[in-house]
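> Sequence first, predicted coordinates after that:
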Amino acid sequence: MQKIQILFPDPQMQRLRELARREDRPVSEVVRRATEAWLDRCALTYIRTERRAIPVFHGGETLLPACAMRDTAWHDRTLEVAEDGAPGAAHE
């Protein structure tokens, strides 16, 4: 075995000590068992998701071709500025 130092917040340490007392085990044994259970769960999750594809969001089709998007966005922006009456706005 190897020795490590772990710092727990007081409420968590109290819960660990209470559980260890109820199970009549040292806190270190409770932590080892919890760690083993967590590692087993992680291993099972990894095995189950290993073959899955990464989920991808598809937002649908665009209404404009990509080459027209920049000009259309610029045109919409200049119309908004012109309607607001901001100085220097382009009027059509």
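That came through, no problem.

> Tell me which other helices or strands the lengthiest helix in the chain touches.
Identified as the longest helix of the chain according to DSSP state H is helix 27-49. Other helices and strands packing on helix 27-49, by 3 or more Cβ pairs under 8 Å, 6 or more residues apart in numbering; DSSP states H and E, are helix 10-23. In this view, the C-beta of every residue, glycine as well, is placed from N, C-alpha and C.

> First-to-last residue distance for stretch 5-15?
Across stretch 5-15, the terminal residues are separated by 18 Å (Cα to Cα, to the nearest Å).

> Scan the helices and strands of the protein for the one with the lowest mean pLDDT.
Least confident element among the helices and strands of the chain, by mean pLDDT, DSSP states H and E: helix 66-84 (a mean of 70).

> related to what we said a few turns ago, give me the contact list for the longest helix of the chain.
With Cβ atoms under 8 Å, 6 or more residues apart in numbering as the test, helix 27-49 has contacts from 6, 16-17, 19-20, 23.

> Neighbour count for those - can I get that in CSV?
As requested, these are exported to CSV (neighbours: other Cβ atoms under 10 Å):
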residue, neighbour count
6, 8
16, 16
17, 13
19, 13
20, 16
23, 11
